[in-house]
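J.: Next input, structure requested:
(one chain, ligands or ions: 2)
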Amino acid sequence: MKTPALPMIERVLLTREQVDKRVKEVAADISVRYRSGNLKLIGVLKGSVFFLTALARELTIPVKVDFLAISSFSDHGGVPGVVRIAKDLDESIEGDDVLLVEDIVDTGFTARYLLQTLAGRGPNSIALCTMLDRTPRRIVPLRVDFCCFEIPDRFVIGCGLDYKQLYRNLDFIAVMKPDKA
Ligand code: IMP
Ligand code: MG
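T.: Ligands and ions are numbered 1, 2, ... in the order given. Down below sits the predicted model:
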């Protein structure tokens with residue numbers, strides 16, 4: 001979906017071209033880091049699907065992919081911190097070099113919970129890759145290993161990010177008008 005002429009959009013934060021270019025750069029870094037590894041990308045449904053797919057296509061190394069889904073009460077403006085796995089991975093991650101792929105790290109509660117949970121399952125290594133990092137709202141200190149963009153403290157949609165399950169398919173990232181979010 002390409003039109004930025006949606007009434008809830010305040011401005012385009014990152015164009016498709018900017019996102020594509022940066023995804024290629026991060027994919028190149030990941031390809032180097034894991035060139036002799038056993039890389040498995042783990043996506044968090046549903047937001048990270050779009051980014052994970054774009055990233056995976058730019059990698060120059062073989063990679064496995066798996067997904068999990070969470071229930072989170074840490075939506076922007078809500079009470080953060082309560083996270084649980086609603087759909088688990090299909091396969092074991094024992095011995096894998098796991099790269100958790102997120103759309104956005106905000107407070108950090110989701111990523112910390114998932115990293116801790118997955119670390120307990122015997123992976124060879126575990127790291128975090130996020131398309132967007134909104135550090136001004138971070139509550140939980142977290143090491144982000146790969147990040148495409150740091151963004152300001154505004155609610156964003158597009159490239160997988162939703163508002164009430166809509167707008168994930170925008171091919172750019174936009175700031176929502178405050179009265180719409
Ligand atoms: P955290 O646990 O606070 O880091 O929340 C991360 C999750 O909140 C993300 O995976 C998103 O699903 C959701 N989220 C946080 N900020 C935004 C946003 O600006 N737009 C859409 N979803 C968001
Ligand atoms: Mg998410």
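
J.: give the contact list for the residue in the chain positioned nearest to ligand 2.
T.: Closest to ligand 2 within the chain is residue 47: 3.6 Å, counting by C-beta to the ion. All C-beta atoms are positioned from the backbone trio N, CA, C, and that covers glycine. Residues near residue 47 by C-beta atoms under 8 Å, 6 or more residues apart in numbering: 102, 103, 104, 160, 161, 162, 168.

J.: ok, and of those, which contact ligand 1?
T.: Contacts with ligand 1 within those, as defined by C-beta under 6 Å from any ligand atom: 102, 103, 104, 161, 162.

J.: Tabulate those residues (CSV), appending neighbour count.
T.: CSV is the format used below for the ones next to ligand 1 among the contacts of residue 47 (neighbours: other C-beta atoms under 10 Å):
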residue, neighbour count
102, 25
103, 25
104, 23
161, 22
162, 15
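
J.: among those, which are in strands?
T.: 102, 103, 104 (DSSP state E).

J.: Isn't the last one up against residue 131?
T.: Yes - under the criterion of C-beta atoms under 8 Å, residue 104 lies in contact with residue 131, with a separation of 6.6 Å.

J.: what does this protein put close to ligand 1?
T.: 47, 72, 74-76, 80, 102-111, 155-156, 161-162.

J.: What are the contacting residues of stretch 15-34?
T.: Against stretch 15-34 from outside (C-beta under 8 Å, 6+ apart): 2, 39, 51, 54-55, 58-61, 97, 99, 129, 131, 146-149, 159, 171-173.

J.: On the C-terminal side of whichever helix in the chain runs longest, identify the next helix or strand.
T.: Of all segments of type helix in the chain, defined using DSSP state H, the longest is helix 16-33. The first helix or strand that comes after helix 16-33 along the chain, using DSSP states H and E, is strand 39-45.
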